[in-house]
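*Asks:* Sequence plus predicted model, see below.
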Amino acid sequence: MKNSYPLDTHILIWLINKNSRLNKNICEDIDYYQHPYHISAESLREIVSYSNP
């Protein structure tokens, strides 16, 4: 089984929104290496809690 790598909440949001704060090289690395990534339950909680003030 391959290792899974966590994505930070900010990185996840910036990737989804194609935010310019995320360096282009990082996006290319994520696409190029195609490692399995996972999103923690805490990241999901952060997204939900900050999107519903």
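*Replies:* Here it is on my side, so go on. Residues are numbered from 1 along each chain as shown.
*Asks:* Is the residue nearest the centre of the chain part of a helix or strand, or is it coil?
*Replies:* Ranked by distance to the mean C-alpha position of the chain (CA atoms, centre = their mean), the top residue is residue 12 at 2.2 Å. Classification of residue 12 by DSSP: H, G, I helix; E, B strand; the rest coil places it in helix.
*Asks:* what's it in contact with, if anything?
*Replies:* Applying CB atoms under 8 Å, 6 or more residues apart in numbering to residue 12 gives the contacts 39, 43, 47. Backbone N, C-alpha and C define where each C-beta goes, glycine included.
*Asks:* That one and residue 38: what is the separation?
*Replies:* 10 Å (CB to CB, to the nearest Å).
*Asks:* Let me see the ranges of the strands in this structure.
*Replies:* 5-6, 37-38 (DSSP state E).
*Asks:* Just put the ones you listed in TSV and tack on distance to residue 25.
*Replies:* Converted to TSV, the strands of the chain look like this (distance: least, CB to CB, whole Å):
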stretch	distance to residue 25
strand 5-6	17
strand 37-38	17
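*Asks:* how about TSV for these, with mean neighbour count and mean pLDDT added?
*Replies:* Converted to TSV, the strands of the chain look like this (neighbours: other CB atoms under 10 Å; pLDDT from 0 to 100):
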stretch	mean neighbour count	mean pLDDT
strand 5-6	12	83
strand 37-38	12	82
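*Asks:* With respect to residue 17, which of these lies nearest?
*Replies:* Distance to residue 17, taken as CB to CB, is lowest for strand 37-38 among the strands of the chain, at 16.6 Å.
*Asks:* what residue ranges in this structure are flagged as low confidence?
*Replies:* Low-confidence segments of the chain (pLDDT under 70): 1-2, 53.
*Asks:* Would you map the helices across it?
*Replies:* 9-17, 24-33, 41-51 (DSSP state H).
*Asks:* most tightly surrounded among those?
*Replies:* Sort the helices of the chain by mean neighbour count, taking mean count of other CB atoms under 10 Å, and helix 9-17 sits at the top with a mean of 15.
*Asks:* Show me how far it is from its chain's centre.
*Replies:* Helix 9-17 has its C-alpha centroid displaced from the chain centroid by 5 Å (CA atoms, centre = their mean, to the nearest Å).
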